[in-house]
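Colleague: Sequence plus predicted model, see below.
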Amino acid sequence: MNTNISTKAGTLVCGLIVAALFTIALTAAEVEGRVLANTGNHSPFGISDSAYHFLPINGTSTRVNIQIEPASAVVAVFFNAECSATGTTTAEDVSLDIDILIDGRVIPPSDSENRFCTVGYPGFPYSTSASTNVATVLSHGSYRVEVRARRIGASGTFAIDDSSTIAMSDVIAIGVNPNQFFISDSATHFLPITFPDNRITFRTTSVNQRVIIFFNAECSVKGWTGHTYLHMDVLIDGVPARPSNRDNVLCSDHLNGNLIIDEVPLNSNNMSVSTNVHALVPDPTVDHEVRVRVFLDRANEGDMAMLDDVSVIVMDGRNVLALDTSAARVAPLIVEGSRDRHPVPTNEGGNLALDFDTTDPIQMVAIFYNAECGVKGWFVEVRIDIFVDGESVLPSRFAAVENQGNILCSSTARGVADSFRPTSVSVNVGTFLNPGRHRLEIKAWYKLHPGVGLGPLQGFALDESSIFVF
């Protein structure tokens, strides 16, 4: 077995404490399934130095307040944004570090150089949607949520745009591991999601209770061809949860033969990826376990992968307003040679809309879209827009800037001309709705970086998708 775990200085004890704290099941009285905050910012914010900067996450404000009542709760915070990086060298690791803070305390695993995105091909921008998910126990009271960022490395410029910060309180278990995990063979491995254990347990409170699991990690693959992939499945009691039951690709190589690791500062190929899944859990009288299995689909000898800063958040799904998944690997949405906006199917049946109901006046609603996003060609940006009742939802609203939308994934000058190179990414948005029936729709398209010619045939593929509406 060619795997090993690297422990970052100063983080091992923290990881053990977090694992022990969060792998207990919560009682129904402690879980209030509701959205506590859903703020956004669709103005770019630039970072070009190593100082910490607090990001504007609530319009122009750098903070959002959440209220925990009537009792304590485990609260999850999901930060999602477009991350664009530009650098001039391949001799070093140049990344953007993201931390989520609650009342000034950095929440694991984002306290250990959590690389959100990394400089790609020198001299050209590389953009992607990236996510960081954390959770912690909070007692009754009011709390301040903030997100800070800094550059890691000597040179490079980053921009954060179209960000969303969503806080929710219906968490029933969490696993955190801030340590690096390496894979250099094609065997199947169970990821240590709470160091050193490779499982977390939870218990439900009703028969056939739905649970939703958010997986998030830094992911990097070493390879030269664009055909080396890290596959992963989220398992509940040994059964893959939809849509990750078809060997979902978490990340793939960037044709540079490099990994990003602390000890060896090599450039390009690390980003914070995510996969969201769900399942019905039948028995509330026994403990259930979550495991994450991974394997490396290698194109060449010497290819390898690294995962770091892992979080696994298990949420009570009884309060979800709507969901849909698509594991149609045999027939994903594939678009080539056309830059028109294309409706995105929400499931294998080809549905182009997802209906849901709200009951409260001005109800706070959070929407999570996740998919494998594969790009074909050079300098291609894949963009999506999420609509509710025909209106684009911030921060994905392209009406503010013509042809904007949210960048889901992209390629650089090292794009692959003969296949789609996939990464599992998310776009999270929030809105406020009046009581009634609502319709969610998604459209996707691609565009080229400004000033770049056509090159080989461009296109994109979306696969293994999930949509959750809370």
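Modeller: Sure thing, it's come through.

Colleague: Doesn't Ala71 lie inside a helix?
Modeller: No. According to DSSP: H, G, I helix; E, B strand; the rest coil, Ala71 belongs to no helix; its state is coil.

Colleague: is it true that it touches Leu138?
Modeller: No. Here Ala71 lies out of contact with Leu138, judged by C-beta atoms under 8 Å, at a distance of 10.2 Å. No exception for glycine: its C-beta is placed from N, CA and C like everyone else's.

Colleague: Look at those two and report which has more neighbours.
Modeller: More neighbours surround Leu138 than the other of Ala71 and Leu138, with 20 against 11 (other C-beta atoms under 10 Å).

Colleague: which residues in the stretch 301-450 of the chain form strands?
Modeller: Counting by DSSP state E, counting those that start in this stretch, the stretch 301-450 of the chain has strands at residues 304-316, 322-326, 333-336, 342-343, 354-358, 363-376, 380-388, 391-392, 406-410, 421-433, 436-448.

Colleague: The longest one pairs with which strands, parallel or anti?
Modeller: Pointing back at strand 363-376 there. Using DSSP bridges, strand 363-376 pairs in its sheet with strand 421-433 (antiparallel), strand 459-469 (antiparallel).

Colleague: For Leu36, find the nearest of those.
Modeller: Leu36 lies closest to strand 421-433 among the strands paired with strand 363-376, at 10.9 Å (C-beta to C-beta).

Colleague: buried set for the closest one?
Modeller: Along strand 421-433, these residues count as buried under the neighbour rule (16 or more other C-beta atoms under 10 Å): Arg421, Pro422, Thr423, Ser424, Val425, Ser426, Val427, Asn428, Val429, Gly430, Thr431, Leu433.

Colleague: Now do that strand against strand 436-448: the angle between them, please.
Modeller: Between the axes of strand 421-433 and strand 436-448, defined by axes from the mean of the first three to the mean of the last three C-alpha atoms, to 10 degrees, the angle is 140 degrees.

Colleague: got the CA positions of strand 421-433 in CSV?
Modeller: Taking Å, rounded to 0.1, in the frame of the first residue of the first chain, the C-alpha atoms of strand 421-433 are listed here in CSV:
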residue,chain,number,x,y,z
ARG,A,421,-10.5,17.1,-17.6
PRO,A,422,-12.9,17.0,-14.6
THR,A,423,-13.0,18.5,-11.1
SER,A,424,-15.8,18.3,-8.5
VAL,A,425,-16.9,21.8,-7.7
SER,A,426,-19.8,23.7,-6.2
VAL,A,427,-21.7,26.9,-6.5
ASN,A,428,-23.8,28.0,-3.4
VAL,A,429,-26.3,30.8,-3.5
GLY,A,430,-28.9,32.3,-1.2
THR,A,431,-32.1,34.2,-1.6
PHE,A,432,-35.2,35.3,0.2
LEU,A,433,-38.6,34.1,-1.0
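
Colleague: the inter-axis angle of it versus strand 380-388?
Modeller: Interaxial angle of strand 421-433 relative to strand 380-388 (the same axes, to 10 degrees): 30 degrees.

Colleague: Give me the distance from strand 421-433 to the chain's centre.
Modeller: Here the centre of strand 421-433 is set off from its chain's centre by 8 Å, with C-alpha atoms, centre = their mean, to the nearest Å.

Colleague: Could you do stretch 365-381 as well?
Modeller: 11 Å.

Colleague: Identify the bridge partners of Phe468.
Modeller: Bridge pairing for Phe468 (DSSP bridges) gives the partners Leu323, Phe368.

Colleague: now it: how far from Phe356?
Modeller: According to C-beta to C-beta, to the nearest Å, Phe468 and Phe356 sit 10 Å apart.

Colleague: out of those two, which sits in the more crowded spot?
Modeller: Higher neighbour count among Phe468 and Phe356: Phe468, with 24 against 18, using other C-beta under 10 Å.

Colleague: check contacts around the more buried one.
Modeller: Going by C-beta atoms under 8 Å, 6 or more residues apart in numbering, Phe468 touches Ile212, Asn276, His278, Val320, Ala322, Leu323, Ile367, Phe368.

Colleague: hang on, the earlier thing: least reliable of the strands of the stretch 301-450 of the chain going by mean pLDDT?
Modeller: Note on those: strand 333-336 shows the lowest mean pLDDT, a mean of 70.

Colleague: Confidence-wise, which helix or strand of this structure is lowest on average?
Modeller: Least confident helix or strand of the chain, by mean pLDDT, DSSP states H and E, is helix 12-22 with a mean of 30.

Colleague: Hmm, Leu191 and Asn179 touching each other?
Modeller: No. Between Asn179 and Leu191 there is no contact under C-beta under 8 Å: 10.9 Å.

Colleague: beta partners for the residue positioned nearest the centre of the chain?
Modeller: The chain has Ser274 as the residue nearest its centroid, 3.0 Å off, counting by C-alpha atoms, centre = their mean. Listed beta-bridge partners, Ser274: Asn216 (assigned using DSSP bridges).

Colleague: mind checking pLDDT for it?
Modeller: Listed pLDDT for Ser274 reads 85.

Colleague: what's the answer for the one 3 residues further on, then?
Modeller: Confidence per residue is given as pLDDT, and for Val277 that number is 90.

Colleague: What strand or helix carries it?
Modeller: Remark: Val277 resides in strand 270-281, with elements defined by DSSP states H and E.

Colleague: need the next SSE after that strand, C-terminal direction.
Modeller: Moving toward the C-terminus from strand 270-281, the next helix or strand (DSSP H and E) is strand 288-297.
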